[in-house]
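Chemist: I'll drop the sequence and a predicted model, then ask my questions.
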Amino acid sequence: MPFVGASLIPPTMRTPRLLYLIAPLALSSACDGTLLGPLGGGASATNVAYVLEPSGDPYRPAGVLVTWDPPSDNRVVTFDVLARNSTGSEWQLRATTTSVTFHDAGMPQLQYLVASMDENGNELGRSRAVTVDDRNRLAAPRALTSVTLNGGVELSWDDNAALGNPAQFALYRVYSSSYDASRSRCDERAWALEGTTVSSAFLARNLVNGVTRCFAVSAQSRDGHESAWSDARQDTPRWDAQAVVLDASDVRPQTAAFLFYDSVARRYGAVDALSRVDADLVLERHGDGTLWLRPARSAVEVGVFGSLPIPSLRSIDRAPAFGYGSGAVQAIAGWGYAVTVRQADGTHYGALRVSYVGRDALIIDWSYQGAAGNTELSRIP
């Protein structure tokens, strides 16, 4: 189930804002900060570090987790976490804790340090300051593409964020949203985290066929900075199946007809009898022994896809705009075919690839788009 983050902001709504004041040469580890306040030797916390909590808005994290190593001095019983929003501001107490971590919810401060306290509330030592360094933000992922699947979408993008700064790269965050068909755009209020991955590809599963969704990707650095999002991408899962056997009508008429959608049985990719008046295609044999796919009714047209065999059904990325007809096409192993089916709600698109042609039967792979007027069958260019 996608996790719905706090106030996820879609790419079209993001406005860059300078929210962190960056101290020159400040880094996210305690070793690189400046000494602030009295140091108590073994009484000072060390290795103060932070990790931001991404929110979906690259310029407004949900919070920050500050961590440190405890001092060796056994007089230390609590820690005061101090913070400030600029290098010239006074330090303010954010929390007192016995833990060696502190979660600061909301927009993080610019700098944090930890003061060690004894049982009487006396300060024994201070750590070095750690600065939330906005320069660690990675580049936005580029060139997001998608492959339309049955109940899912396969996403991929350029690995520019990781390759541009491999020392800082941690992972990619994948977001999705519903698609507002009435406005032909992604629903800006519905963005949610779909998942994370360290690779430049992601498989979104358990999606509803025929329902368009939007996707976008960001990159996260090791200290939790989230990049700007990629451009949004929309895709519509569709039905498909492999290795479906269709018999020649003169041999086995009871299994010679194919329906992309059987409205009676409410199932997709049905093989049925030649007598079905709502069949989409029929396999028939010509006098020379060749097998041909013929549209079974006037609402169906078929055309050969391209001018060469195709390696898989995925090669039929988008149904072509023309090239369909009411006549039969010869079924040749390795070749692809595109189909239009006119229904009450509009034109639907399907695709076939013949994987095997025998003497009396053939084997096909097929895909079918349940959204009327949508030509997505595999990949959106």
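Modeler: In hand now; what should we look at? Numbering: from 1, shown residues only.
Chemist: Where do the helices of this protein begin and end?
Modeler: Under the criterion DSSP state H, helices of the chain are mapped to 160-164.
Chemist: Geometrically speaking, which residue is the centre of it?
Modeler: Nearest to the mean C-alpha position of the chain, by CA atoms, centre = their mean, lies V174 at 4.0 Å.
Chemist: so who does that one touch?
Modeler: 155, 193-197, 202, 204, 215-217 (CB atoms under 8 Å, 6 or more residues apart in numbering). The C-beta positions use only the backbone N, C-alpha and C, and glycine is treated the same way.
Chemist: Now with 10 Å, please.
Modeler: Residues in contact with V174, defined by CB atoms under 10 Å, 6 or more residues apart in numbering, are 2, 141, 144, 155, 157, 193-197, 201-204, 215-218, 230.
Chemist: low-scoring stretches of the protein, by residue?
Modeler: Across the chain, residues meeting the criterion (pLDDT under 70) sit at 1-41, 378-381.
Chemist: what domains does the record give for it?
Modeler: Residue ranges for the structural domains of the chain, counted by automatic domain parsing, are given in the record as 30-132, 138-235, 239-380.
Chemist: Filter the contacts of V174 down to the ones in strands?
Modeler: Within the contacts of V174, residues falling in strands by DSSP state E are 155, 193-197, 201-204, 215-218.
Chemist: you'd agree E301 is up against R342?
Modeler: Yes: using CB atoms under 10 Å, E301 makes contact with R342 at a distance of 8.5 Å.
Chemist: quick one, which of these two is more surrounded?
Modeler: E301 (17 against 14; other CB atoms under 10 Å).
Chemist: show me what contacts the closest residue to the more buried one other than its chain neighbours?
Modeler: Closest residue in space to E301, ignoring its immediate chain neighbours: Y324 at 3.7 Å, by CB to CB, 6 or more residues apart in numbering. Y324 makes contacts with 295, 300-304, 337-340, 349, as judged by CB under 10 Å, 6+ apart.
Chemist: for G121, same thing?
Modeler: With the criterion set at CB under 10 Å, 6+ apart, G121 makes contact with 77-78, 80, 96.
Chemist: Most neighbours out of those residues, which is it?
Modeler: Each of the contacts of G121 was scored by neighbour count (other CB under 10 Å); the top score is that of D80, with 19 neighbours.
Chemist: Wait, it touches G125, no?
Modeler: No: the criterion here is CB under 10 Å, and D80 misses it with G125 at 11.1 Å.
Chemist: anything in contact with each of those two?
Modeler: The contact sets of D80 and G125 overlap at 114-117 (CB under 10 Å, 6+ apart).
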